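> Next comes the sequence, and after it the predicted model I'd like to discuss.
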Amino acid sequence: MIEFRNVSKTYPNGVKGLKNINLTIEKGEFIVIVGLSGAGKSTLLRSINRLHEISEGEIMIDNESITAAKGKNLRHIRRDIGMIFQNFNLVKRSTVLRNVLSGRVAYHNTLRTVFGLFPKEDVNLALNALDRVNIVEKAYTRSDQLSGGQQQRVSIARALAQEAKIILADEPVASLDPLTTKQVMDDLKKINQELGITTVVNLHFIDIARQYATRIIGLNAGEVVFDGPVDEATDEKFQEIYGQQLEKEQQRGPIGEGAE
Ligand SMILES: Nc1ncnc2c1ncn2[C@@H]1O[C@H](COP(=O)(O)OP(=O)(O)OP(=O)(O)O)[C@@H](O)[C@H]1O
């Protein structure tokens, strides 16, 4: 469970990224956060694992305050949280397997992992993770030889190898075409359903959000302006919330059918 308690974030230049956010995200939910550019989606997502520090309030992960956590305790809470980025964040010159194994780093002492000495169980875990996202045959390929969609699947496998209980995905499909978008979103949904991993995804596009989310949270200017199930997140509702701002944003069409 992730809990935001009166969370605000003010950037050093005075911009308010988040304004008094109160939210509870239950285990196993698939949350999509939507909002226009600058609404605060990244700030909210990245505050969960403290990639961004909040200015006020507290964030609880399974009833433990990550806001107050330090040192080993903080590392342990973070170990349970996998992160997926728009640009994949892979070591491009390393093999796929090595990138996935990096999800195990937090479980071992540094020296061992610097030399790539992962136990056999970790290698099996990494290969299983790659199998789950259907690219195990790429395990020994250099990451920069993969397509964007495949690289994003490697980053999902890395979060699986990490044995994350929560996955945060910050615009995971923003650099991908519609077909690959579907494959990556399907993978995220599959692991959410099969493994019960709580998933929080930032997306720019409401129609993709509606296809995958169990609950949609809408942000505007750092505030929660919508929080509800998919069937309440209608075009009319979003028109009412975002009004003319929405019309200026390009809406992406539905994801193509027939992808694997
Ligand atoms: N490092 C920073 N310093 C100052 N202001 C920032 C910083 N990062 C973000 N902001 C501001 O905080 C607000 C929220 O930004 P954030 O990146 O969270 O929005 P977003 O919804 O993720 O937008 P996008 O979809 O464009 O990524 C914006 O007004 C942004 O300009």
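Thanks, I have it.

> so what's whichever residue of the stretch 51-200 of the chain sits closest to the ligand closest to, chain neighbours aside?
Distances between the stretch 51-200 of the chain and the ligand by Cβ to the nearest ligand atom are smallest at E171, namely 6.6 Å. Any C-beta I mention is one placed from the backbone N, CA and C, and that applies to glycine too. Excluding its sequence neighbours, the residue lying closest to E171 (Cβ to Cβ, 6 or more residues apart in numbering) is Q86, at 4.3 Å.

> again, but for P229
R215 (5.9 Å).

> Provide a list of residues in contact with that neighbour.
Remark: with contacts taken as Cβ atoms under 8 Å, 6 or more residues apart in numbering, R215 is in contact with 29-32, 227-230.

> what's the closest of the residues you listed to L101?
Nearest to L101 among the contacts of R215 is F30, at 26.7 Å by Cβ to Cβ.

> my guess is that closest one meets T199, correct?
Yes: using Cβ atoms under 8 Å, F30 is in contact with T199, at 4.8 Å.

> Counting neighbours, go ahead and name the busier of these two.
Taking neighbours as other Cβ atoms under 10 Å, F30 and T199 compare with T199 leading, 28 against 19.

> Can you tell me the element V184 falls in?
According to DSSP states H and E, V184 maps onto helix 178-195.

> Just the mean pLDDT for that helix, thanks.
Averaging pLDDT along helix 178-195 gives 94.

> quick one: it to chain centroid distance?
Distance, stretch centre to chain centre, for helix 178-195: 12 Å (Cα atoms, centre = their mean, to the nearest Å).

> just to revisit the earlier point, Provide a list of residues in contact with the residue nearest to E171.
Q86 neighbours (Cβ under 8 Å, 6+ apart): 170-172, 174-175.

> Please repeat the previous calculation with a cut-off of 10 Å.
Q86 makes contact with 42, 152, 169-176, 202, according to Cβ atoms under 10 Å, 6 or more residues apart in numbering.

> what would those residues look like in CSV with neighbour count?
Listed next are the contacts of Q86 as CSV, based on neighbours: other Cβ atoms under 10 Å:
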residue, neighbour count
S42, 18
Q152, 30
A169, 26
D170, 21
E171, 17
P172, 24
V173, 27
A174, 14
S175, 16
L176, 19
N202, 27
